[in-house]
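> quick one: sequence plus predicted model below, questions after.
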Amino acid sequence: MVLMILPFIGSVSVSEGLVAITVLCLVYLALRFFHTEIPEGLRRLPGPKPFPLIGNVLEVGSKPYLSLTAMSKRYGDVFQIQIGMRPVIVLSGNDTVRQALIKQGEEFAGRPDLYSFRFINDGKSLAFSTDQAGVWRARRKLAYSALRSFSSLDGTTPEYSCMLEEHICKEGEYLIKQLNNVMKADGSFDPFRHIVVSVANVICGMCFGRRYDHNDQELLSLVNLSDEFGRVVGSGNPADFIPVLQYLPSSTMKSFMSINARFTAFVQKIVIEHYATYNKDNIRDITDSLIDHCEDRKLDENSNVQMSDEKIVGIVNDLFGAGFDTISTALSWSVMYLVAHPEMQERLHQELKDTVGLDRTPRLSDRPNLPFLDAFILELFRHSSFLPFTIPHCTSKNTSLNGYFIPKDTCVFINQWQMNHDPEIWKDPSSFNPDRFLSADGTAVNKMEGEKVMIFGMGKRRCIGEVIARNEVFLFLAILAQKLQFQAKPGQPLDMTPEYGLTMKHKRCHLRATMRVRNKQ
Ligand code: HEM
């Protein structure tokens, strides 16, 4: 965050700077003057003392998941920091987060009105916008039912249990061929670069009824920009917290706007093609089903939530965006963990060899027989906590939590990383140990332990793609571990340091892989 504010200082003239600082000081003093009254019986939130203007930016630093976890040890599960001008409540601890997001779910389900969020999906994002509760709920329901029906649709042949399985198996097999070819040609590969196209193709198949070549430049440039997107949304763009910065030039913000504009243009082009070829009697994919919903709604006089067609069809933009970045980050990390723990890589392969064999592609129905793979995925989610915070929440009314007063419209960060590394819950949390999720004889996953892992959020805003995501990570990883053996590139030590963002990624690197079984041609 501090690193993100610094570039602003160089791009402002002295007089502009002085005016900005004077305005900020006046606003700051006014805010302190009108300090919120605490209702009787409730306490004022604890937290570090903020500096004028920058608040606690210095203490939060560039790894907020670590600094805010350290602060939770000092101030407790509910505390307040100030980022720039904006107070932010940070929630940690399983019981506290459960209380806020489930028991008091309605009060904590909003999204804050952050400047950068206005550029995502043209300000009409289901996940990031400040839609009124009724509109958001109706859009979420539509998105959820479209996702569910298009993933559970029958596959094109009885070989596959559903469309989702068909897409993943085909893309998984194609990915193996692709990695094999790149290995032959270059001797190493960048895991994220190839995984992201395969994963994007699965969600493209469901949303748009099409797939892209691994060398398609338009798709490649779009999906490889997602790191940049996560960096702004994840760390909090300075202009979100120091409003006057919205009016000053910023290269980060410029690039963020351009990524969003390109993303929206990419989806819009496909949506326009769908409108032109739409046929009510042949709903091809999620885009068609959303267009169909707009048509039906025009005939439904009882529909009580007012939503524009743009807001309905724009849902596909959210599904596509959320559907590839998260899953490819999870899979890319999986490969890194396999390389970091070769004994686990062998154990996984052996489990697949013993239960599935090497002659057929794994299926979703193999899952109950692959407990170590399931435990490995749970530990990957927990240990990497690659989504260290949920998307920021916001209170919809004055409320209280653990006896502390929290005013309406307060921005709330949920620290998933802290929950996944809490020593009260996890024994030796910093070690990577999938066995923690297995029964004593190693034959079954302990479901209760698994449910303690927090990576999809909880309550009213819980991820709507969770089932698809879990299935996708499982099946892609099963295919990769069955067919390939991954290693680090000689002379290149593995760097597992996460780079902070909405989704934390490992540094781009090159790995090697050898085929364990011949792929079907
Ligand atoms: C491993 C993969 C994934 C992870 C870890 C993940 C995690 C999350 C998290 C933490 C949130 C925010 C929850 C909150 O704000 O409290 C979220 C929201 C969301 N996710 Fe996922 N997600 C994944 C995959 C997907 C997929 C595949 C889709 C759809 C195809 C999807 C669609 C969404 C949507 C639409 C929201 C916004 C929900 C709302 O604001 O009401 N996600 N996800």
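Received, thanks.

> buried ones in stretch 329-346?
329-339, 341, 344-345 (16 or more other Cβ atoms under 10 Å). Where C-beta positions appear, they are placed from N, C-alpha and C, glycine not excepted.

> okay, and which of these map to helices?
329-339, 344-345 (DSSP state H).

> for K184, state which of the residues you listed is nearest.
V335 (18.6 Å; Cβ to Cβ).

> contacting residues for the nearest residue to the closest one once chain neighbours are set aside?
Spatially, and ignoring its direct neighbours in sequence, V335 is nearest to P191 (4.8 Å; Cβ to Cβ, 6 or more residues apart in numbering). Applying Cβ atoms under 8 Å, 6 or more residues apart in numbering, we find P191 in contact with S332, V335, M336, C509, L511.

> who's in contact with the last one?
Contact analysis of L511 by Cβ under 8 Å, 6+ apart lists S188, F189, D190, P191, V335, V339, F486, Q487, A488, K489.

> can you tell me which of the buried residues of stretch 329-346 lies nearest to the ligand?
Proximity of the buried residues of stretch 329-346 to the ligand (Cβ to the nearest ligand atom) peaks at A330, which lies at 4.5 Å.

> can you tell me, leaving aside adjacent residues, what's nearest to the closest one?
Closest to A330 by Cβ to Cβ, 6+ apart is V473, at 5.1 Å.

> whatever helix or strand that neighbour lives in packs against which elements?
Taking DSSP states H and E as the criterion, V473 maps to helix 466-483. Counting contacts by 3 or more Cβ pairs under 8 Å, 6 or more residues apart in numbering; DSSP states H and E, helix 466-483 is packed against helix 133-152, helix 163-186, helix 191-208, helix 315-340, helix 342-355, helix 371-384.

> dump those helices to CSV, plus mean pLDDT.
Compiled in CSV, the helices and strands packed on helix 466-483 are given as follows (pLDDT from 0 to 100):
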stretch, mean pLDDT
helix 133-152, 90
helix 163-186, 96
helix 191-208, 94
helix 315-340, 94
helix 342-355, 98
helix 371-384, 98
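
> so which of the buried residues of stretch 329-346 also contact the ligand?
A330 (Cβ under 6 Å from any ligand atom).

> any idea which of the buried residues of stretch 329-346 is closest to N180?
Looking across these and measuring by Cβ to Cβ, the closest to N180 is V335, at 14.7 Å.

> help me confirm that the closest one comes into contact with F486.
Yes - if you go by Cβ atoms under 8 Å, V335 and F486 touch, sitting 5.6 Å apart.

> which one, of the helices and strands packed on helix 466-483, ends up nearest to P46?
helix 371-384 (27.7 Å).

> what about the residue in the stretch 151-300 of the chain positioned nearest to the ligand, neighbour count?
Residue of the stretch 151-300 of the chain nearest the ligand, by Cβ to the nearest ligand atom: I203 (5.8 Å). Using other Cβ atoms under 10 Å, I203 is surrounded by 25 other residues.

> and the closest residue to it other than its chain neighbours, what is it in contact with?
Leaving aside its sequence neighbours, I203 sits nearest to G323 (Cβ to Cβ, 6+ apart; 3.4 Å). G323 sits next to V199, A200, V202, I203, M206, C207, G465, I468 when contact means Cβ under 8 Å, 6+ apart.

> buried ones among those residues?
Using 16+ other Cβ under 10 Å, the buried ones in the contacts of G323 are V199, A200, V202, I203, M206, C207, G465, I468.

> surely the first one and S328 touch.
Yes - using Cβ under 8 Å as the test, V199 is close enough to S328 to be in contact (4.3 Å).

> so what's V356 closest to, chain neighbours aside?
Spatial nearest neighbour of V356, chain neighbours left out: P362 (4.9 Å); criterion: Cβ to Cβ, 6+ apart.

> then L348?
Spatial nearest neighbour of L348, excluding adjacent residues (Cβ to Cβ, 6+ apart): A481 at 4.6 Å.

> I figured the one you found hits L373, correct?
Yes - assessed by Cβ under 8 Å, A481 is found in contact with L373 at 7.3 Å.

> quick one: contacts for the residue of the stretch 401-521 of the chain found nearest the ligand?
Residue nearest to the ligand within the stretch 401-521 of the chain: G465 (2.1 Å; Cβ to the nearest ligand atom). Neighbouring residues of G465 by Cβ under 8 Å, 6+ apart: L147, L319, A322, G323, T326.
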